[in-house]
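**Student:** how would this look folded up:
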Amino acid sequence: MKITPKLIASAPNVINPEGQLTLVLRNQGIIYLENLGPSSETYSVIDLTNNDIIELSGIPDHGTVNTILLANNNISSLGESLAIDDGLNVDSKSAEESKHTLEYETKAISTIKSLSLVNNNVSSFAEVAKLQRFGNLENLLLLGNSIAEEHHYRSFTIWLLPNLRMLDGEKVKTAERAAAQELFGTSLSARTPAADALLHGNSQIDTAPKAERLMKGAVRKLSADEKAKLLAELELALSMEEIERISHALKNGYVE
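**Tutor:** This next block holds a predicted model:
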């Protein structure tokens with residue numbers, strides 16, 4: 001299914017629990033993000049939960065839209081990097097040479113403040129680094145991606161996104177940010193060897209089918225019925241607050 005003006009015109013729109021006008025494009029079999037520009041002038045939230053999207057691209061960089069919900073898709077690529085040769089692609093250059101080369105080929109996206117990527121296929125730190133183009137991102141959910149299980153995932157993501165306030169439903173602490181800068185450097189262009197080691201890692205983590213990801217990530221304290229109930233709620237969640245609550249329960253093994 002393609003996102004067309006006809007599909008957008010016929011899609012339901014609701015006011016979510018946070019009082020934001022939301023365009024609901026769930027369960028449409030959408031593969032590519034496209035033609036969302038006009039919607040960005042009308043809606044605050046675009047809900048694309050439970051589709052088959054494979055790449056985070058085509059996000060509007062203008063208008064009123066500030067939240068994109070993309071849980072339960074098949075996203076493995078987070079698009080292009082803002083500084084596409086800033087040490088992330090080193091086929092023709094050494095890491096040291098490319099570390100200081102900046103080619104701004106992708107426009108920064110300053111309007112998006114909340115992004116849900118729960119239960120997708122993001123599997124490398126180099127992909128996470130591409131989120132740097134969302135310069136004003138405050139709230140990010142990556143639970144249910146294999147990268148979220150890796151050592152240094154949280155500190156790396158906090159370091160990468162200086163305006164991030166919430167990661168996977170947990171508040172970013174000042175001490176966490178200070179520790180991340182100590183480990184990885186003051187910025188992506190002034191990063192340490194530790195950051196390079198993560199960015200240039202050769203092996204990608206095994207991904208899993210959509211239906212298995214959050215079940216695998218949910219801790220064993222939850223019964224099968226509780227897990228199934230939470231996953232059903234996740235598919236219906238309309239706000240970042242709801243998604244955070246459900247994701248937190250799946251991660252920590254209890255329902256508040």
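**Student:** any idea how far residue 136 is from residue 162?
**Tutor:** As defined by C-beta to C-beta, to the nearest Å, residue 162 lies at a distance of 10 Å from residue 136. In this view, the C-beta of every residue, glycine as well, is placed from N, C-alpha and C.
**Student:** which neighbours do the two share?
**Tutor:** Counting by C-beta atoms under 8 Å, 6 or more residues apart in numbering, residue 162 and residue 136 have no contacts in common.
**Student:** just for the stretch 1-150 of the chain, where's the confidence low?
**Tutor:** 81-107 (pLDDT under 70).
**Student:** and with 90 instead?
**Tutor:** 1, 17-18, 37-41, 60-63, 79-108, 144 (pLDDT under 90).
**Student:** does residue 43 really touch residue 64, like I thought?
**Tutor:** Yes: Residue 43 lies in contact with residue 64 (C-beta atoms under 8 Å); the separation is 6.8 Å.
**Student:** Which one's more surrounded, those two?
**Tutor:** Comparing residue 43 with residue 64 by other C-beta atoms under 10 Å, the one with more neighbours is residue 43, at 23 against 15.
**Student:** Helix or strand: which one has residue 175?
**Tutor:** Assessed by DSSP states H and E, residue 175 sits inside helix 174-184.
**Student:** and that helix, average pLDDT?
**Tutor:** Computed over helix 174-184, the mean pLDDT rounds to 97.
**Student:** how about the strands in the stretch 151-256 of the chain?
**Tutor:** 166-167, 170-171 (DSSP state E, counting those that start in this stretch).
**Student:** Each with direction, which strands does the last one pair with?
**Tutor:** Take DSSP bridges as the rule and strand 170-171 pairs in its sheet with strand 166-167 (antiparallel).
**Student:** neighbouring contacts of the partner strand?
**Tutor:** Taking C-beta under 8 Å, 6+ apart as the rule, strand 166-167 contacts 138, 139, 140, 141, 142, 154, 157, 158, 172, 244.
**Student:** how does it look with 6 Å?
**Tutor:** For strand 166-167, contacts defined as C-beta atoms under 6 Å, 6 or more residues apart in numbering pick out 139, 140, 157.
**Student:** any idea which of the strands of the stretch 151-256 of the chain is most buried?
**Tutor:** Among those, judged by mean count of other C-beta atoms under 10 Å, the one packed with the most neighbours on average is strand 166-167 (a mean of 18).
**Student:** now that strand, how far from the centre of its chain.
**Tutor:** With C-alpha atoms, centre = their mean, to the nearest Å as the basis, strand 166-167 stands 11 Å off its chain's centre.
**Student:** any idea of the mean pLDDT for it?
**Tutor:** Here the average pLDDT along strand 166-167 is 96.
**Student:** Run through the helices of the stretch 51-200 of the chain in chain order.
**Tutor:** 95-99, 125-129, 153-160, 174-184, 193-199 (DSSP state H, counting those that start in this stretch).
**Student:** JSON lines for those, including mean neighbour count and distance to residue 52?
**Tutor:** Below are the helices of the stretch 51-200 of the chain laid out as JSON lines (neighbours: other C-beta atoms under 10 Å; distance: least, C-beta to C-beta, whole Å):
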{"stretch": "helix 95-99", "mean neighbour count": "16", "distance to residue 52": "33"}
{"stretch": "helix 125-129", "mean neighbour count": "22", "distance to residue 52": "18"}
{"stretch": "helix 153-160", "mean neighbour count": "21", "distance to residue 52": "25"}
{"stretch": "helix 174-184", "mean neighbour count": "15", "distance to residue 52": "34"}
{"stretch": "helix 193-199", "mean neighbour count": "17", "distance to residue 52": "28"}
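**Student:** same for the helix holding residue 175, what does it pack against?
**Tutor:** Applying 3 or more C-beta pairs under 6 Å, 6 or more residues apart in numbering; DSSP states H and E, one finds that helix 174-184 contacts helix 153-160, helix 193-199.
**Student:** Relative to residue 118, tell me which of those helices wins on proximity.
**Tutor:** helix 153-160 (14.1 Å; C-beta to C-beta).
**Student:** and the direction of that closest one versus that of helix 174-184, what angle?
**Tutor:** Per axes from the mean of the first three to the mean of the last three C-alpha atoms, to 10 degrees, the angle that helix 153-160 makes with helix 174-184 is 90 degrees.
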